[in-house]
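**Student:** This is a predicted model, with the sequence first.
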Amino acid sequence: MGTDKRHYKEPKTLPDKRNKRPPKRFRRWRLISSSKAVGRFPVLVETIFVEAIIPDLVITQISNGFLHGKIPAAHLPIVDRPHLLDTVVLCIAENPRFTAPITNVTAAVGREAILTCLVEDLGNFKVAWLRVDTQTILTIHNHVITKNHRIGVTHSEHKTWFLHIREIKATDKGWYMCQINTDPMKSQVGYLDVVVPPDILDYATSADIVTREGSNVNLHCKANGFPMPSITWKRETGEMIKLPNGREVANVEGNFLNLTRVSRQQMGPYLCIASNGVPPSVSKRIMLVIHFPPMVWIKNQLVGAYEGQQVTLECHLEAFPKSINYWINERGEMISQSNGRYEPLQKSHNYKTYMKLKIEHVSQSDYGKYKCIAKNALGETDGTIQLFAIPKPSKLLNGIDNDLQDQAGSLLQDKNYVNTASAASRKFICTNFLLVLSALHRLQ
């Protein structure tokens with residue numbers, strides 16, 4: 001490489017380092033081949049062996065072993081034969097830097113969070129991770145310093161450094177620093193935000209409630225989490241919730257659910273559901289139990305049957321706690337299945353019970369009053385059904401005129417006409433039945 005000898009000055013002394021390689025400790029230094037200023041602060045100079053100098057290169061000046069100011073490269077000696085390595089010029093330290101800021105990370109409790117630090121020209125410098133608020137050193141280069149087994153460190157070609165935090169806890173939330181051990185130290189920080197799925201607090205949430213019908217009920221539910229969870233109330237069965245103003249809605253938002261003058265229709269399980277956008281949402285089941293004394297409804301209080309017919313007596317009742325239910329005849333005798341001609345049956349769902357009494361081959365002794373009785377701790381009630389005799393169809397039709405035959409035939413064509421007819425039809429049939437009996441009485 002040629003040179004302008006007008007700018008060449010023979011150095012006063014040159015160390016005798018011919019045919020020797022630089023010591024290991026100098027390998028972290030490099031020659032800057034740029035016209036930009038080198039360094040922003042004094043850097044300690046060591047020895048390096050330079051093969052050539054670019055004419056327009058601007059090199060920082062050496063003074064008392066430190067780099068200060070600038071001098072043109074043309075004022076420095078040029079080595080025509082680099083292999084001789086007999087020219088000492090200067091050296092410039094590596095200048096590691098961050099190539100991008102640390103991206104903030106959001107992670108859920110129990111998951112793994114990874115913070116990333118991007119570094120360039122690291123050379124022999126080292127990267128460390130620290131917890132800012134506690135000033136705890138977590139890792140230095142490839143080594144984990146903290147005793148926290150959940151912390152780990154990895155890197156990719158010493159350029160991308162990852163801080164791993166496994167099994168995240170809420171206390172891991174905060175600022176983390178990526179640091180390079182230059183002088184002065186270089187650092188940047190990133191924030192780890194920890195989100196927590198909702199958790200319902202049992203001590204601050206209603207337990208199962210037992211109350212009397214007509215009273216007021218206040219349900220409450222509280223949950224922790226981050227962000228703060230919202231509370232939604234629903235009925236587990238999908239039924240509507242009746243509000244104090246009379247409106248009925250599918251769900252109610254808020255920590256409290258107020259029910260006024262509760263009825264048996266509002267009895268059942270209610271769900272308090274907590275959610276904050278962090279899966280999974282959680283719920284608690286609160287059972288509302290409403291106590292009330294038995295109540296009885298009888299569809300057919302008058303049932304007619306002829307001898308030898310099968311007949312069924314029906315009784316509907318509601319009670320909670322569940323009642324003790326049974327049938328008695330007009331003589332006060334309890335009816336059980338021990339008597340082969342009687343078959344008492346009942347079917348229950350929630351607070352409702354359907355009772356029926358089947359009587360096979362009705363005889364003269366079966367006619368009379370029957371009572372369905374229901375008892376619980378809050379009271380007792382009963383309903384009465386009158387079973388009365390009617391003539392068999394063949395006897396009824398004998399000796400009456402044709403007009404009455406048509407009515408009587410349609411009346412008795414179904415042996416269970418009283419039990420199966422609608423309310424309006426039963427009223428019409430009973431009216432016609434009384435007319436038939438009156439006509440029979442006149443004929444006699």
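**Tutor:** Yep, that arrived. All values derive from a computational prediction rather than experimental measurement. Numbers count the residues shown, from 1 in each chain.
**Student:** The helix or strand residue 385 falls within - contacts with which helices or strands?
**Tutor:** Secondary structure assignment for residue 385, by DSSP states H and E: strand 379-389. For strand 379-389, the packing partners by 3 or more C-beta pairs under 8 Å, 6 or more residues apart in numbering; DSSP states H and E come out as strand 282-297, strand 302-305, strand 311-320, strand 368-376. Every residue, glycine included, has its C-beta placed from N, CA and C.
**Student:** let's go with 10 Å and repeat that
**Tutor:** strand 282-297, strand 302-305, strand 311-320, strand 324-329, strand 352-359, strand 368-376 (3 or more C-beta pairs under 10 Å, 6 or more residues apart in numbering; DSSP states H and E).
**Student:** per-residue pLDDT, the closest residue to residue 366 other than its chain neighbours?
**Tutor:** Among residues not flanking residue 366 along the chain, residue 359 sits closest, at 5.8 Å (C-beta to C-beta, 6 or more residues apart in numbering). For residue 359, the model assigns a pLDDT of 93.
**Student:** Residue 331 should be in a strand, yeah?
**Tutor:** No. With DSSP: H, G, I helix; E, B strand; the rest coil as the criterion, residue 331 is assigned coil and is not in a strand.
**Student:** just to revisit the earlier point, which stretch among the helices and strands packed on strand 379-389 is buried most, on average?
**Tutor:** Mean neighbour count, computed with mean count of other C-beta atoms under 10 Å, is highest for strand 311-320 among the helices and strands packed on strand 379-389, reaching a mean of 21.
**Student:** Could you list the paired strands of that strand along with their orientation?
**Tutor:** Its sheet considered, strand 311-320 pairs with strand 282-297 (antiparallel), strand 352-359 (antiparallel) by DSSP bridges.
**Student:** of those, which approaches residue 96 most closely?
**Tutor:** Smallest distance to residue 96 across the strands paired with strand 311-320 (C-beta to C-beta): 47.7 Å, for strand 282-297.
**Student:** Just want the angle from the closest one to strand 324-329.
**Tutor:** Interaxial angle, strand 282-297 versus strand 324-329 (axes from the mean of the first three to the mean of the last three C-alpha atoms, to 10 degrees): 10 degrees.
**Student:** for strand 282-297, what is the average pLDDT?
**Tutor:** 97.
**Student:** What does the pLDDT read for residue 336?
**Tutor:** Model confidence at residue 336 (pLDDT) stands at 79.
**Student:** Tell me who's in contact with the closest residue to it other than its chain neighbours.
**Tutor:** Among residues not flanking residue 336 along the chain, residue 344 sits closest, at 7.0 Å (C-beta to C-beta, 6+ apart). Counting by C-beta atoms under 10 Å, 6 or more residues apart in numbering, residue 344 makes contact with 313, 325-327, 334-337, 355-358, 372.
**Student:** how about residue 344, secondary structure?
**Tutor:** Following three-state DSSP, the label given to residue 344 is strand.
**Student:** distance of it from residue 373?
**Tutor:** 12 Å (C-beta to C-beta, to the nearest Å).
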